[in-house]
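In: Fold the stuff below for me.
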Amino acid sequence: MRDTYLTDLKKYFPNGGTIVSELEESSARDFVNIAELLAGKHTDHVVKLRGWIYRTRSSGRLVFPVIRDSSGQIQCTVFKGSVSEEDFTAAKKALVESSVVISGKAVADKRAPGGFEIQVESFTVVHFAEVFPITKDQSIEFLADKRHLWLRSAKMTAVLKLRSTVFGAIHEYFRDEGFYEYQSPIFQAVQCEGGSTLFNVDYFKQKGIFLAQTWQLYAEPAIFSLENIYTISPSFRAEKSKTSRHLTEYWHAEMEMAWSSFEDIIRHGEALIKHVIGKVLDVNGKELETLGRDATKLEASLNKPFIRMTYDDAIALLREKSGIDVTWGKDLRTVEEDELVKNFDRFVIVTHYPKSVKAFYMKEDPDNPEVVFGTDFLAPEGYGEIIGGSQREEKLEEIERKLVEMGEKVEEYSFYLDTRRYGSVPHGGFGMGVERLISWLCGLDNIKDAIPFPRTLTRYYP
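Out: Below is the predicted model of the structure:
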């Protein structure tokens, strides 16, 4: 296809050959990536490589730049007599993060990091970088200020690669299960998770418009068309929290199912997380190693059934094992969730929460109307709630009653209540915080490193 494109360009622009010659040259370059070199695929062959200087040092007639690209890092050796004087001067002058194009012989060398190096024959600097501001032992706040540059670090590169795998695995799971991808509006006129955490928007001077906390109220109408749907979309929570688990903008993987039971929702939640774990272990072994993450911590949740318990079981276990006495009807706080998961090496699924601590749309348990068919999935090692889900209340009168109890204006939910007026069916769904899952998979100290540009109570730039 590329050759056909070049032929067409020559045909229609026979005398304006600049773009044609550049494309032909690019096609002939045949660049390799560093991962191929470190796998020994081009040993003892002359190769062409492009990337950035990760670190460099020189000694007299030798320069030792380490070059990185998106696939890895490799040491290069530039001998004064083996390249032109211009190239040697450029190699000696080029600072960290200068972009370069080199060619040379790939050789095995046990002394080199990764066991291979490039004996350089030509060294071209595409751009001479200024002195790079990030060095060792920088403060967390400084790295946050330089986030646009910190993304180049080995740590962040590893996290971002793993993040890409996670997003792909979520799409793969739901599509393989017959779900349709569906999008809901970011500007919303009704609240779902509580007014205290809403971001109000100046929407052409119209009041009562918010950034989406969740897709749910706009997703439920679509199940009467598509039945099984999912999305991965940004969500916004105006929580005044400075913890290592909270972002004001995060990515939300959500699903909604028609004709589903509470058990269906729980089953899909566990299967989704296990599918993501399996993909990460298959694809991102190198990244887990870079991050110092013990893969056996992930394998425990992959290879064993998740622990299941009711809210009542959870508070009894907390009382017995940790001496924490939770008053029945109170939600589990971070400290209590952390103590609970210390007893297990895998995810814990807590179900049947008191209705007083859950949202208006959750269905009450007919055997015990004081609790609802709601569930939270708690990650091991104290990473908190990853999934929150429920079976939805399908009866119109029950939804209206709960809205009134909340002090909400029922008429503002008219479009949502129509879903209960015309062919309501049992249904349910869940939402998964993607960055929280990534944080656990990577073993991160702070959720801020699970997203390229974190947004928090105090951080909105860069």
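
In: Ser439: neighbour count?
Out: Ser439 is flanked by 26 other residues according to other CB atoms under 10 Å. Just so you know, the C-beta spots here come from the backbone N, C-alpha and C atoms, and that holds for glycine as well.

In: before we move on, what about Ala253?
Out: Residues near Ala253, counting by other CB under 10 Å: 23.

In: Show me where the stretch 301-450 of the chain has its helices.
Out: Ranges of helices in the stretch 301-450 of the chain, per DSSP state H, counting those that start in this stretch, are 311-322, 334-341, 396-406, 414-421, 434-442.

In: so what does the third one touch, helix or strand wise?
Out: Meaning helix 396-406. helix 414-421 (3 or more CB pairs under 8 Å, 6 or more residues apart in numbering; DSSP states H and E).

In: Show residues contacting the helix it packs on.
Out: 190, 217, 220-221, 224, 394-396, 399-400, 410 (CB atoms under 8 Å, 6 or more residues apart in numbering).

In: what's the answer for stretch 401-413, then?
Out: So stretch 401-413 is contacted by 189-190, 217, 360-361, 393, 399-400, 417 (CB under 8 Å, 6+ apart).

In: Quick one: buried ones out of these?
Out: 217, 360-361, 393, 399-400, 417 (16 or more other CB atoms under 10 Å).

In: And the furthest pair within those?
Out: The span of these, defined through CB to CB, is set by Leu217 and Glu400 at 14.5 Å.

In: Would you format the helices of the stretch 301-450 of the chain as CSV with distance to Glu36 included?
Out: Converted to CSV, the helices of the stretch 301-450 of the chain look like this (distance: least, CB to CB, whole Å):
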stretch, distance to Glu36
helix 311-322, 50
helix 334-341, 41
helix 396-406, 58
helix 414-421, 53
helix 434-442, 25
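
In: Relative to Ile277, which of the ones you listed is closest?
Out: Among the helices of the stretch 301-450 of the chain, helix 434-442 sits nearest to Ile277 (CB to CB), with 7.2 Å.

In: any idea of the pLDDT on Glu408?
Out: At Glu408, the model reports a pLDDT of 86.

In: and it, how many residues sit next to it?
Out: By other CB under 10 Å, neighbour count at Glu408 equals 16.

In: likewise Thr124?
Out: 14.

In: Check the gap between it and Met309 for me.
Out: For Thr124, the distance to Met309 equals 62 Å [CB to CB, to the nearest Å].

In: gap between the two ends of stretch 177-188?
Out: 29 Å (CA to CA, to the nearest Å).

In: Give me the buried stretch members for it, please.
Out: In stretch 177-188, counting by 16+ other CB under 10 Å, buried: 179, 182, 184, 188.

In: show me what contacts the second one?
Out: Okay, so that is Tyr182. Per CB under 8 Å, 6+ apart, neighbours of Tyr182: 219, 222, 226, 229-231.

In: hmm, try it at 7 Å
Out: 219, 222, 226, 229, 231 (CB atoms under 7 Å, 6 or more residues apart in numbering).

In: Just the ones in strands from those, please.
Out: 229, 231 (DSSP state E).

In: Among the contacts of Tyr182, list the two that are farthest apart in space.
Out: Maximum distance among these (CB to CB): 11.6 Å, for Leu226 and Thr231.

In: quick one, which of those two is more surrounded?
Out: Set Leu226 next to Thr231 and count neighbours by other CB under 10 Å: Thr231 wins out with 21 against 15.

In: where does the protein have low pLDDT?
Out: 1-29, 193-196 (pLDDT under 70).

In: Just give me the residue closest to the centre of it.
Out: Nearest to the mean C-alpha position of the chain, counting by CA atoms, centre = their mean, stands Arg163 at 4.1 Å.

In: was I right about that one contacting Ile438?
Out: Yes - counting by CB atoms under 7 Å, Ile438 is a contact partner of Arg163 at 5.4 Å.

In: list residues touching both of these two?
Out: Joint contacts of Arg163 and Ile438 (CB under 7 Å, 6+ apart) are Ala450.

In: Can you tell me which of the contacts of helix 414-421 comes closest to His275?
Out: Checking the contacts of helix 414-421 one by one against His275 (CB to CB), the nearest turns out to be Glu220, at 24.5 Å.

In: Please tell me how far the residue lying closest to that closest one once chain neighbours are set aside sits from Pro133.
Out: Excluding its sequence neighbours, the residue lying closest to Glu220 (CB to CB, 6 or more residues apart in numbering) is Thr419, at 5.4 Å. From Thr419 across to Pro133, the span is 53 Å (CB to CB).

In: ok, now which ones touch Thr165?
Out: 279-280, 283-284.

In: now Trp259: how far from Arg163?
Out: Per CB to CB, Trp259 is found 33 Å from Arg163.

In: swap in Thr43?
Out: Using CB to CB, we find Thr43 at a distance of 32 Å from Arg163.

In: repeat for Asn446
Out: 15 Å.

In: repeat for Lys330
Out: Lys330 is 35 Å from Arg163, by CB to CB.

In: Same question for Ala212.
Out: 21 Å.

In: mind exporting the helix or strand containing Pro65 as PDB, just the C-alpha atoms?
Out: Applying DSSP states H and E as the criterion places Pro65 in strand 62-69. Below are the C-alpha coordinates for strand 62-69, written out as PDB (Å, rounded to 0.1, in the frame of the first residue of the first chain):
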ATOM      1  CA  LEU A  62      35.100   7.600  23.700                       C
ATOM      2  CA  VAL A  63      31.500   8.600  24.300                       C
ATOM      3  CA  PHE A  64      29.000   6.200  26.000                       C
ATOM      4  CA  PRO A  65      25.500   7.400  25.400                       C
ATOM      5  CA  VAL A  66      22.600   5.100  26.500                       C
ATOM      6  CA  ILE A  67      19.800   5.500  24.000                       C
ATOM      7  CA  ARG A  68      16.100   4.900  24.900                       C
ATOM      8  CA  ASP A  69      13.000   4.500  22.700                       C
END
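
In: Having no further points to raise, I will conclude here.
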